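S.K.: Need a 3D model of the sequence below.
(one chain, ligands or ions: 1)
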Amino acid sequence: MQLAGKIALVTGAARGIGRAIAVALAQEGADVAVADVRTDLLEETAARVQEHGRRSLALGVDVTRKAEVAQMVAQTVAAFGRIDVFFNNAGIIKIHDFLDITEEDWDTIMAVNAKGVFLCAQAVARQMVRQGGGKIINTASIAARQGVPDSAVYAASKAAVMSLTRSMALSLAPHGITVNALAPGMVDTDMWALIDAQTAALRGLPPGEPRARRIRRIPLGRPAQPEDIARVAVFLASSSADYLTGQTLNIDGGTIMS
Ligand SMILES: NC(=O)c1ccc[n+]([C@@H]2O[C@H](COP(=O)([O-])OP(=O)(O)OC[C@H]3O[C@@H](n4cnc5c(N)ncnc54)[C@H](O)[C@@H]3O)[C@@H](O)[C@H]2O)c1
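M.R.: Residues are numbered from 1 along each chain as shown. Below is the predicted model of the structure:
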């Protein structure tokens, strides 16, 4: 049990990577507050945390709204007393040709993936400063490190997450807070089902073809399952990662090698 007695908060926890992280943290002994706009799916995540004998709390939050973010942090602290580990994971994507991207596309994606990550990290960091330390783990993407033809705004938003991770790591180190990021490659979630459908529609490909082409570029020959990401998440949340800060870790089957 690497996380026995720890208190964690995960955003974007209603499904996909966030849900897998919440369950993996519980398996390692953490109590986990789970937050998302999709409150209809959130209770299932909370139930799966509780199946491991841990406490959970399902919190409806839109990470783009500062007042809701403040309430998410306050409710977690009211229920569990502190936040040792925060996964800043909520995110959205849209596939579009660069020439067709609208101002609204830019604002919508940046609001969740960049501003939302900032608002949540700041609110949680203030709590962690008060309690004397903690671990913040943001979800970036390998899209932050390379050009992406049909999701330029998404890639820019994830580059913002990488940048924030570095700056926050510097600002918060004196308070005993480490800040790192996950950079998944292709992960089999509803988000990738959307990428496949939107790319197929945009480029006139049969459904499934964008997915097949993407898999051919992965040296390990398969997409990640959410649990592949969650295992690295557990490591970053554990004391094994105490000397790691400001890092963005690729979890991508070897797609980008450093
Ligand atoms: N799936 C991939 O291939 C992949 C690759 C790299 C990075 N990521 C990142 O991983 C994270 C999780 O992605 P996923 O694949 O599990 O996607 P997903 O769509 O299955 O889950 C994302 C979750 O975020 C929630 N969310 C969206 N907007 C929100 C908001 N305003 N407030 C609160 N919650 C909100 C959604 O309701 C959803 O539950 C995202 O940040 C995504 O960008 C995914």
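S.K.: what's the domain layout of this protein?
M.R.: 7-185+225-246, 186-223 (automatic domain parsing).
S.K.: Name the stretch among these that sits most buried.
M.R.: Mean neighbour count, computed with mean count of other Cβ atoms under 10 Å, is highest for domain 7-185+225-246 among those, reaching a mean of 20. Just so you know, the C-beta spots here come from the backbone N, C-alpha and C atoms, and that holds for glycine as well.
S.K.: Does the ligand have contacts with that one?
M.R.: Yes: Domain 7-185+225-246 reaches the ligand (Cβ under 6 Å from any ligand atom) through 11-12, 14-18, 36-38, 61-64, 89-92, 112, 116, 139, 141, 184.
S.K.: Could you check how far the nearest residue to Ser238 once chain neighbours are set aside is from Gly133?
M.R.: Spatial nearest neighbour of Ser238, chain neighbours left out: Gln2 (4.2 Å); criterion: Cβ to Cβ, 6 or more residues apart in numbering. Distance, Gln2 to Gly133, using Cβ to Cβ, to the nearest Å: 17 Å.
S.K.: any idea which helix or strand carries Ile137?
M.R.: strand 134-139 (DSSP states H and E).
S.K.: do the same with Leu9
M.R.: Assigned by DSSP H and E, Leu9 belongs to strand 7-11.
S.K.: Okay, now the unreliable bits of the stretch 101-250 of the chain?
M.R.: Counting by pLDDT under 70, the stretch 101-250 of the chain shows no low-confidence range.
S.K.: For it, just list every one of the strands.
M.R.: 134-139, 177-184, 248-251 (DSSP state E, counting those that start in this stretch).
S.K.: May I have the strands that pair with the longest one, each with its orientation?
M.R.: Think strand 177-184. When pairing is defined by DSSP bridges, strand 177-184 lines up against strand 134-139 (parallel), strand 248-251 (parallel).
S.K.: would TSV of those strands with distance to Ala125 be doable?
M.R.: Shown next, in TSV, are the strands paired with strand 177-184 (distance: least, Cβ to Cβ, whole Å):
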stretch	distance to Ala125
strand 134-139	7
strand 248-251	18
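S.K.: residues contacting Asp196?
M.R.: Pro207, Gly208, Pro210, Arg211 (Cβ atoms under 8 Å, 6 or more residues apart in numbering).
S.K.: err, Leu182, not the other one
M.R.: Leu182 sits in contact with Ile137, Asn138, Thr139, Ala140, Ile229, Val232, Ala233, Leu236, Thr248, Leu249, Ile251, where contact means Cβ under 8 Å, 6+ apart.
S.K.: Among the residues you listed, which one lies nearest to the ligand?
M.R.: Thr139 (4.1 Å; Cβ to the nearest ligand atom).
S.K.: give the contact list for the closest residue to that closest one other than its chain neighbours.
M.R.: Nearest non-adjacent residue to Thr139, counting by Cβ to Cβ, 6+ apart: Asn89, 4.3 Å away. Taking Cβ under 8 Å, 6+ apart as the contact definition, Asn89 lies against Val10, Thr11, Gly12, Ala13, Ile17, Gly18, Ile21, Asn138, Thr139.
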